[in-house]
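[1] below are the sequence and a predicted model for it; my questions follow.
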Amino acid sequence: MTEPSGGERASKGGRRRAVGAASPAAEVLPVARVALDIPLTHLDRLFDYLVPAELADAAVPGSRVRVRFAGRLVDGFVLERVASSEHDGPLARLERSVSAEQVLSPAVVRLARAVADRYGGTLADVLRLAVPPRHARVEAATSVEKRSPAEVKASAAETDGADGAAVADGAVEAGGVGEVGGVVAPGEWVRYPAGPSMLAALGDGRWPRAVWWAPPGPAWPRMIAVAVAAVVRSGRGAIVVVPDHRDVDRVEAALVEAVGRETTVALRADLGPAARYRAFLAVRRGQARVVVGTRSAVFAPVEALGLIVTWDDGDDLHAEPLAPYPHTRDVAVLRAGQEHAALLVGGFCPTVEAEALVRAGWARALVAARAQLRELAPWVEATGSDHEVSRDPAARAARLPSLVVRTAREVLAAGAPVLVQVPRRGYQPSLACTGCRRPARCGHCQGPLGRPGGSGPPACGWCGRPVAAWQCPSCGDPRLRASVTGDRRTAEELGRAFPGVPLRTSGRDGVLATVPAEPALVVSTPGAEPVAEGDGYGAVVLLDGWALLGRPDLRAAETALRRWAAAAALARPGAAGGRVIVGADAGLPAVQALIRWDPVTFTAREADERAALGFPPASRIAAVDGTAAAVAELLDVLRLPEPADVLGPVPSPAPRTAARAGDEPEPHRLLIRVPRERGGELAAALHAARGVLGARRSTSGLRIQLDPLVIG
DNA sequence: TCAATCCGTATC
DNA sequence: ATACGGATTGAC
């Protein structure tokens, strides 16, 4: 389109252009500043284009366009329309407008930029996460501005009812939020000394920030909904981000009850393109002000955002698997700060990273009164490790401690279901102290020890240093043993120990949302536990203690407690007979925390330990994965802040799932650790280094991840 | 002397 | 990335 005849490029006359033949530029604000969808780090900036007169109305800020860039047609977003360009040199014209829909709001753009900077990634990568793919039919079906809700609903229904009905219901009837209002009853928040005042602040248009240790039991979705209702009453919108779809359903149900179906919309990846885009548009057009969804919902373009809630920030589903790998909690923190929104980082056991927000004075801790917790928490007992295995032969086959067998039989006889949490299979082999079974760590960098290639002399998984003479810093034992990893206890074995009892399983292949309130053995892997209808489980058995605690991950204890708490919270309160049996040593801090239902103290202690060892969140860590050559090349051009610890590179401890072809180069991993306050510089340095490389050679395949969830 | 290639550079 | 210009190398 740049050439009148549409064919050749005017290469002879240098950059001169056949201006005379092109249509005139827009009269007002003829320059569009465009964010291009290209993956190149060194091109992570805006480019100016001339807006042809015929696109003057369509190429509005926030809309999608196609432009010619380096000779190729690429997608982009118009971020701004301005009167003139800083660029010296001729401007190309926008090729075409994809749609006038302003999918990007200024607030989302600003957020995306901040997220990209924080993770050393590109704006284009973040925008891809923030905006779902366009669906033209959906847009057309609902695009006429200011149509009545009834019309919108009707057309949405006729286009495709199949995948979009639920969303259309929630999205379209744009009732005024104010009408829904009324005084928000504090509900379960009265259990928190600071609860009522927080609700008052939310209702008054303020933006309190808190880390919320939720009470055991099924109250948390209602509590979230109460907080959201207060914000809605203040005339603002809210976003709730949860790990998985079952949680979306639970919170959505509570929200619909608290603020009404008209204002609530569920954003979830499993909706399918049409329904997903429709839900997104409903939010962008202000028809829905309350969003509940999985991780990308944190980018939802809610106007006048008053509150962001994240639930269970330790769940690894909150870590985005696409570059630049942002974490829900961190995005929420950035966004709440930028938009003066309240923030609630909630869970039964929030992470050390969440707790750091409290330590920094950025958020306050919301903890229920001790007496309230005693009232709600189940009765927790530990069986120790491998002692007391039941004498019953069937139970012995399943390696069930006698306490478990006895308790389960009692509870089943009393008519209640029993939940059994079993480990997933296939944890990584690593080394631990023979004496106290704590994971063995490198004396130099505190990385986990393992045996490279499965055998051979012990070495650090981070810095690669071989370990000569090891001695446990806790108990002094010089012996190393392989941690027990993975477990083959099956539901079948359990079933044999309890003949005649209905057996239900929930896990990878088939996740149950609920089970009825009747005697049954419910076997589940962590994270897949169904909620028991009625009063909850009579007993919860946690059989995965060793597998969870023996992992080399520095979050092993935190993760164990988090998973135990999530399952234990499904049990009835102790006063109502609810019991929890955890198959781990009662002396371990995580087990103690579960027994006393005191995750606050546990997390504080974890935070202290990590700070003492220089682990995140006291430090920030970048992981660089790629071929040895590519990693070395990056390291070569990298200008790191001072001080910075460079660990490795070492051959990747976690080989890709699929076996590599024989001649493929071995993946290596480099870790870089800097003090927390140097995190921004580290991100910038990595961004710059990748830019230099990208312009030079193909270093594709290099994966740079800041604050990775698992570092070894 | 021309053409096939290799670099280095800019991409609105 | 990728398209282009300019320099370099190679064959006629």
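    Perfect, thanks for sending it.
[2] all helices of the stretch 351-500 of chain A, in order?
    A:352-359, A:370-376, A:393-397, A:402-413, A:491-497 (DSSP state H, counting those that start in this stretch).
[3] same check on the stretch 501-650 of chain A?
    So, for the stretch 501-650 of chain A - with DSSP H, counting those that start in this stretch - the helices run A:545-549, A:556-568, A:589-595, A:599-613, A:628-637.
[4] among the ones you listed, which comes closest to residue A:514?
    For residue A:514, the closest of these is helix A:556-568, at 14.6 Å, according to C-beta to C-beta. Every C-beta, even on glycine, is put in place using the N, C-alpha and C of the backbone.
[5] got a pLDDT number for residue A:426?
    Residue A:426 carries a pLDDT score of 42 in this model.
[6] same deal with residue A:493?
    So, for residue A:493, pLDDT stands at 69.
[7] what of residue A:435?
    Reported pLDDT for residue A:435: 76.
[8] tell me how many other residues surround it.
    Residues contacting residue A:435 under the criterion other C-beta atoms under 10 Å number 14.
[9] which ones are touching it?
    Neighbouring residues of residue A:435 by C-beta atoms under 8 Å, 6 or more residues apart in numbering: A:472, A:475, A:476, A:477, A:479.
[10] wait, residue A:59 sits on residue A:76?
    No - here residue A:59 lies out of contact with residue A:76, judged by C-beta atoms under 8 Å, at a distance of 10.2 Å.
[11] which residues touch the nearest residue to residue A:358 once chain neighbours are set aside?
    Nearest residue to residue A:358, sequence neighbours excluded (C-beta to C-beta, 6 or more residues apart in numbering): residue A:365, at 4.8 Å. Taking C-beta under 8 Å, 6+ apart, we find residue A:365 in contact with A:210, A:211, A:213, A:355, A:358, A:600.
[12] quick one: the closest residue in space to residue A:593 that isn't next to it in sequence and DNA strand C, what's the gap?
    Leaving aside its chain neighbours, residue A:593 sits nearest to residue A:602 (3.5 Å; criterion: C-beta to C-beta, 6+ apart). Noted for residue A:602: a distance of 47 Å to DNA strand C, by C-beta to the nearest atom of the strand, to the nearest Å.
[13] also residue A:422?
    Residue A:422 is 46 Å from DNA strand C, where distance means C-beta to the nearest atom of the strand.
[14] just residue A:184 next, same as before
    Taking C-beta to the nearest atom of the strand, one finds residue A:184 at 53 Å from DNA strand C.
[15] what's the neighbour count on that residue?
    Applying other C-beta under 10 Å, we find 23 residues neighbouring residue A:184.
[16] surely it meets residue A:204?
    No - at 11.7 Å, residue A:184 and residue A:204 do not qualify as touching, with contact defined as C-beta under 8 Å.
[17] and the end-to-end length of stretch A:575-582?
    End-to-end distance for stretch A:575-582: 19 Å, by C-alpha to C-alpha, to the nearest Å.
[18] for that stretch, what is the distance to the chain centroid?
    Relative to its chain's centre, stretch A:575-582 lies at 31 Å (C-alpha atoms, centre = their mean, to the nearest Å).
[19] could you dump the helices of the stretch 501-650 of chain A to a markdown table with mean pLDDT, mean neighbour count and distance to residue A:329?
    Below are these laid out as a markdown table (pLDDT from 0 to 100; neighbours: other C-beta atoms under 10 Å; distance: least, C-beta to C-beta, whole Å):
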| stretch | mean pLDDT | mean neighbour count | distance to residue A:329 |
| --- | --- | --- | --- |
| helix A:545-549 | 65 | 23 | 21 |
| helix A:556-568 | 94 | 25 | 13 |
| helix A:589-595 | 95 | 22 | 21 |
| helix A:599-613 | 95 | 18 | 14 |
| helix A:628-637 | 87 | 16 | 27 |
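[20] of all those, which one comes closest to residue A:378?
    Of those, nearest to residue A:378 by C-beta to C-beta is helix A:556-568, at 5.8 Å.
[21] then the closest one to CSV, C-alphas only?
    Coordinates of each C-alpha in helix A:556-568 appear next as CSV, following Å, rounded to 0.1, in the frame of the first residue of the first chain:
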residue,chain,number,x,y,z
ALA,A,556,9.5,-27.9,50.4
ALA,A,557,8.4,-27.2,53.9
GLU,A,558,6.2,-24.3,53.0
THR,A,559,4.7,-26.2,50.2
ALA,A,560,4.0,-29.2,52.4
LEU,A,561,2.2,-27.1,55.0
ARG,A,562,0.3,-25.3,52.3
ARG,A,563,-1.0,-28.5,50.8
TRP,A,564,-1.7,-30.1,54.1
ALA,A,565,-3.6,-27.0,55.2
ALA,A,566,-5.6,-26.9,52.0
ALA,A,567,-6.7,-30.5,52.7
ALA,A,568,-7.1,-30.2,56.4
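[22] that helix packs against which elements?
    strand A:418-421, strand A:539-542, helix A:545-549, strand A:579-582, helix A:589-595, helix A:599-613 (3 or more C-beta pairs under 8 Å, 6 or more residues apart in numbering; DSSP states H and E).
[23] tell me which strands the second one pairs with, and in which orientation.
    Strands adjacent to strand A:539-542 in the sheet, as given by DSSP bridges, are strand A:418-421 (parallel), strand A:579-582 (parallel).
[24] contacts for it, please.
    Residues from elsewhere that reach strand A:539-542, judged by C-beta under 8 Å, 6+ apart: A:378, A:404, A:407-408, A:410-411, A:416, A:418-421, A:564, A:567-568, A:570-571, A:578-584.
[25] list the buried residues for stretch A:223-234?
    Residues A:223, A:224, A:225, A:226, A:227, A:228, A:229, A:230, A:231, A:232, A:233, A:234 are the ones in stretch A:223-234 that count as buried (16 or more other C-beta atoms under 10 Å).
[26] among the residues you listed, which ones are in helices?
    Using DSSP state H, A:223, A:224, A:225, A:226, A:227, A:228, A:229, A:230, A:231, A:232, A:233 are the members of those that sit in helices.
[27] hang on, isn't the fourth one packed against residue A:259?
    No - with contact defined as C-beta under 8 Å, residue A:226 does not count as touching residue A:259 (9.7 Å).
[28] got any ranges where the stretch 151-300 of chain A has weak pLDDT?
    Under the criterion pLDDT under 70, the flagged ranges of the stretch 151-300 of chain A are A:151-183.
[29] ok, the residue of it found nearest DNA strand C to DNA strand B distance?
    Closest contact between the stretch 151-300 of chain A and DNA strand C, by C-beta to the nearest atom of the strand, is at residue A:273 (25.3 Å). Here residue A:273 is placed at a distance of 30 Å from DNA strand B (C-beta to the nearest atom of the strand).
[30] so that residue touches residue A:132, yeah?
    Yes - with contact defined as C-beta under 8 Å, residue A:273 reaches residue A:132; the gap is 7.4 Å.
[31] before we move on, what SS does the residue nearest to residue A:364 when sequence neighbours are not counted have?
    Leaving aside its sequence neighbours, residue A:364 sits nearest to residue A:210 (C-beta to C-beta, 6+ apart; 5.0 Å). Secondary structure for residue A:210, judged by DSSP: H, G, I helix; E, B strand; the rest coil, is strand.
[32] contacting residues around residue A:210?
    Residue A:210 neighbours (C-beta under 8 Å, 6+ apart): A:194, A:198, A:343, A:344, A:345, A:363, A:364, A:365, A:366.
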